[in-house]
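**Student:** sequence plus the predicted model coming up.
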Amino acid sequence: MKTRKFNWPIWAGFLLTVFAFLSYPFLFVNWPLTRDFPWVNLLLFALAAILLFIGLRRAFSPDRRLLSKIVSSAVAALSVLVLASFIFAIFIASRWLPASPGAPGVGQKAPEFSLVDTNNKPVSFSELRTTPINGRAPKGVLLIFYRGYW
């Protein structure tokens, strides 16, 4: 009786597809080289596609059972769905964000505004830029806007 070998390329391709999908938001988005165009993720998807193709060829060999063919086809289809979701999210859905033409760019000064602090005292942006702290003028102001309430 001939023993059947485990179809590892189909599972390795699926795991590599999941890794390529999850590595972009959790790892590769941190560097501009891989954030601006996800070339590393696309290479990982290409390698996963090669493994999936090898796994499908192995699954559809004449000595394989029907269950192996069905499972391998489902895993490959799920991997293609993950790839399609990645392409949609990165290249299509990200373009739907509205443009903000009035927002200041990097290195530009923020417009003048006034808000209340935690003690309900009004504080203006120009006051933060010019008021001496410990006898020295501040070099800059870091603005952090929280969504919500104090």
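**Tutor:** Sure, I can see it. Residues are numbered from 1 along each chain as shown.

**Student:** show me where this structure has its helices.
**Tutor:** Assigned by DSSP state H, the chain shows helices spanning 8-26, 32-35, 39-59, 66-87, 125-130.

**Student:** and the lowest-mean-pLDDT helix or strand in the chain, how far from the chain's centre?
**Tutor:** None of the helices or strands of the chain scores lower by mean pLDDT, DSSP states H and E than helix 125-130, at a mean of 84. Centroid separation between helix 125-130 and its chain, computed with Cα atoms, centre = their mean, to the nearest Å, is 36 Å.

**Student:** cool, and stretch 36-47?
**Tutor:** Centroid displacement of stretch 36-47 relative to its chain, using Cα atoms, centre = their mean, is 12 Å.

**Student:** try stretch 72-92
**Tutor:** Offset of stretch 72-92 from its chain centre (Cα atoms, centre = their mean): 15 Å.

**Student:** ok, now stretch 90-103?
**Tutor:** In terms of Cα atoms, centre = their mean, the centre of stretch 90-103 is found 15 Å from the chain centre.

**Student:** that's all I had, so thanks and see you.
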